[in-house]
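In: I would like the atomic coordinates for the input below:
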Amino acid sequence: MINEPTLSRTLVTMPKTPNDKITRYLLFCVCRNEGYSEAQLAARFETDSAEELYNVLNSEGFPVCVGCGHYSANDRYCEDCPPRRRRLPRGSEDAALELPSAGEAVELFKNTIEHLARAVDELPFIRQWLKDRRFVTESVHSEESGRSNMLLRKRDFDLPPRALEAHWKKLCKWYGQNPVIDEFTVPIPLVRSGGADWYPHDLLVQLVTAYAVTGKPLEDLMWVLHPDANQDELRKAKAKLVELLLRARQLTGILRGSPEATKSGRKAESITPIEQDHARNLTDEEFREEYKEMGMSESEMRRLTKLRLPHADPESE
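Out: Numbering: from 1, shown residues only. So this is what the prediction gives:
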């Protein structure tokens with residue numbers, strides 16, 4: 001079995017012998033069989049992207065498709081990734097499909113925020129233990145917290161009328177209530193079981209996920225939550241964050257109607273907000289002249305113009 005330090009040195013440095021190349025390819029095959037995502041592969045082999053790794057392996061003579069990493073026989077691309085399909089993102093020449101307004105989901109997102117807010121309020125009362133590789137969770141509410149209550153109702157006491165009145169008055173006096181009412185609640189101590197599983201309770205999973213995907217520093221959260229935080233664990237957490245963001249983006253892509261969201265291989269090229277602005281402005285001849293004066297090349301203007309990105313007309317909103 002190859003230990004972690006040896007494996008790391010093998011992957012970090014460029015191969016110096018044919019054996020190193022073979023070892024890397026075999027490890028790549030193992031990772032693929034174990035279901036590593038492209039983000040995980042890039043992180044595991046310390047390349048800027050999975051495609052860079054595919055190109056390196058292919059250039060070293062291994063049957064790896066440079067587009068998606070699948071088996072490619074003796075060609076650079078597998079049957080599902082012919083070069084002719086790589087020239088433009090799929091659908092770039094089709095008419096743009098305007099999506100339903102995300103504003104229609106405002107109430108759903110508000111409900112989610114309220115749910116997370118309630119989860120935050122519950123955190124001070126959560127107790128957890130790590131035992132036998134499981135997180136054991138309990139919610140502990142003291143009487144003083146006022147978060148757990150018992151309902152007392154006059155009609156629930158099976159007593160004769162006179163005895164019932166006397167008993168009810170005594171209870172109301174004890175709890176500082178007016179005896180003319182027929183029911184009231186009183187705070188009580190309560191321990192609720194949250195179960196035990198290999199992962200922490202979903203209440204915390206939801207909060208950590210929201211924290212991570214909004215770009216907050218993992219270091220701050222780890223130093224608070226981890227019983228023995230260290231740099232190695234932080235590195236692992238950041239690698240998982242890369243995967244989490246990929247999965248979150250794929251999920252959002254599916255929910256917004258993209259059939260390409262979960263497919264492997266090269267994605268459509270990203271367009272920056274500045275490039276988007278330029279592409280929109282280049283439809284105006286005056287802007288084209290300004291961009292020329294600013295030094296934008298003709299080839300760059302052609303590239304941006306060919307994107308034909310849709311845009312809204314603020315006057316019609």
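
In: avg pLDDT for stretch 156-164?
Out: Across stretch 156-164, pLDDT averages out at 87.

In: what's that stretch in contact with?
Out: Contact with stretch 156-164 is made by 154, 167-168, as judged by C-beta atoms under 8 Å, 6 or more residues apart in numbering. Yep, even glycine has a C-beta here, placed from its N, CA and C like the rest.

In: What about the residues you listed, which are in strands?
Out: Judged by DSSP state E, strands contain none of these.

In: what does stretch 277-297 rub up against?
Out: 271, 301, 304-305, 307-309, 311.

In: Please indicate which of these are buried?
Out: 301, 304, 307 (16 or more other C-beta atoms under 10 Å).

In: Can you tell me which helices and strands whichever strand or helix holds the second one packs against?
Out: Right, the one you point to is L304. L304 is part of helix 298-307 when elements are defined by DSSP states H and E. Counting contacts by 3 or more C-beta pairs under 8 Å, 6 or more residues apart in numbering; DSSP states H and E, helix 298-307 packs against helix 273-281, helix 285-294.

In: Please export the C-alpha coordinates of it as PDB.
Out: Listed next in PDB are the C-alpha coordinates belonging to helix 298-307 (Å, rounded to 0.1, in the frame of the first residue of the first chain):
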ATOM      1  CA  GLU A 298     -10.200  43.300 -34.400                       C
ATOM      2  CA  SER A 299      -9.900  39.600 -33.500                       C
ATOM      3  CA  GLU A 300     -11.100  40.300 -30.000                       C
ATOM      4  CA  MET A 301     -14.000  42.400 -31.300                       C
ATOM      5  CA  ARG A 302     -15.000  39.600 -33.700                       C
ATOM      6  CA  ARG A 303     -14.900  37.000 -30.900                       C
ATOM      7  CA  LEU A 304     -17.100  39.100 -28.600                       C
ATOM      8  CA  THR A 305     -19.500  40.000 -31.400                       C
ATOM      9  CA  LYS A 306     -19.900  36.300 -32.400                       C
ATOM     10  CA  LEU A 307     -21.100  35.500 -28.900                       C
END
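
In: sorry, back to before: list just the nearest of the buried ones among the contacts of stretch 277-297 to Y25.
Out: L307 (37.3 Å; C-beta to C-beta).
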